[in-house]
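In: please find the sequence and the predicted model below.
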Amino acid sequence: MRILIIEDEVKIAHYLVQGLNESGYQAECVHEGLLGLERLKQNSYQLVILDVMLPDIEGWTILKVLRQFSQVPVLFLTAKDHVLDRVKGLELGADDYLVKPFSYIELLARIKSLLRRHQPVSENLLRLGDLSMDLIQHTACRGEQMIDLSKKEFELLRYFMQHPNEIVSRRQIASHVWNINFDTDTNFIDVTVRRLRSKIDDDHDLKLIHTIRGLGYKFSEHNI
């Protein structure tokens, strides 16, 4: 489980990274909000721990921007302890709110609860709307209609479905689906996406694969 911590207090950040890594998570930290947003656009995380008061941009603004391209769970960890601050954070789309100073045991319990809440019902069965994938049977269906997919199309769809409502770049797709860890000028990714889109979207009013110009693709039930 990858966790991104956006926290400008170096001692707290180091404490969190060390504690979470020792607890079995893969934690990393940035000290500026804009850098945190870039990390979130370029990588996949299962949880974000976010401070409100940062040197370059408020955590409120980070959350607003984040919710435009990702529904990753967010836990505010901040010294702002007024009730209205808590309400504001939750109304903006945060999943939890913990006030500093805090107990690490309580933080860990809240993290576990958030991650359980956002786990799919079955690791072997993925769903988004009326589209489902069975990773054991190696099948995919849209509604009652079975979809015939090549091996790479299946792997691409699985990657999309494991990162719903997130912008994924072509470089991320190349790395996770083709094991190519560098930029490529060829258009094989776009070609495969077009083939996959024709199979799962062409006969349906609700489109799931969306092209985000200049950034990559987003797999979502919501219109872009």
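Out: On my side now, so go ahead.

In: can you list contacts of the strand or helix carrying Gly36?
Out: Applying DSSP states H and E as the criterion places Gly36 in helix 33-42. Helix 33-42 is contacted from outside by 4, 6, 28, 30, 45, 48, 50, 54, 56-59, 61-62, 65-66, 69-70, 72, 167, 169, 172, 215, using Cβ atoms under 8 Å, 6 or more residues apart in numbering. No exception for glycine: its C-beta is placed from N, CA and C like everyone else's.

In: what about 6 Å?
Out: 4, 6, 30, 54, 56-57, 62, 65 (Cβ atoms under 6 Å, 6 or more residues apart in numbering).

In: compare those and tell me which is most surrounded.
Out: Highest neighbour count within the contacts of helix 33-42: Ile6, with 27 neighbours (other Cβ atoms under 10 Å).

In: isn't that residue right up against Ile49?
Out: No: between Ile6 and Ile49 there is no contact under Cβ atoms under 6 Å: 7.1 Å.

In: now the strands for the chain?
Out: 2-6, 26-30, 47-50, 74-78, 96-99, 125-128, 131-134, 139-142, 145-146, 167-168, 209-212, 216-219 (DSSP state E).

In: quick one, which of the ones you listed is nearest to Ser198?
Out: Ser198 sits nearest to strand 209-212 of all the strands of the chain, at 9.9 Å, using Cβ to Cβ.

In: elements contacting that closest one?
Out: If you count contacts as 3 or more Cβ pairs under 6 Å, 6 or more residues apart in numbering; DSSP states H and E, strand 209-212 packs onto strand 216-219.

In: now the strand it packs on: mean pLDDT?
Out: Here strand 216-219 scores 93 as its mean pLDDT.

In: strands paired with that strand, and their directions?
Out: strand 167-168 (antiparallel), strand 209-212 (antiparallel) (DSSP bridges).

In: give the contact list for the residue most central in space within the chain.
Out: Centroid check for the chain by Cα atoms, centre = their mean gives Val72 as the closest residue, at 4.4 Å. Residues in contact with Val72 (Cβ under 6 Å, 6+ apart) are 45, 48.

In: just the pLDDT for it.
Out: 92.

In: same check on Ser113?
Out: pLDDT, Ser113: 87.

In: now the residue nearest to Asp201 when sequence neighbours are not counted: how far from Arg127?
Out: Counting by Cβ to Cβ, 6 or more residues apart in numbering, Asp201 lies nearest to Lys207, which is 4.8 Å off, once chain neighbours are set aside. Distance, Lys207 to Arg127, using Cβ to Cβ, to the nearest Å: 17 Å.
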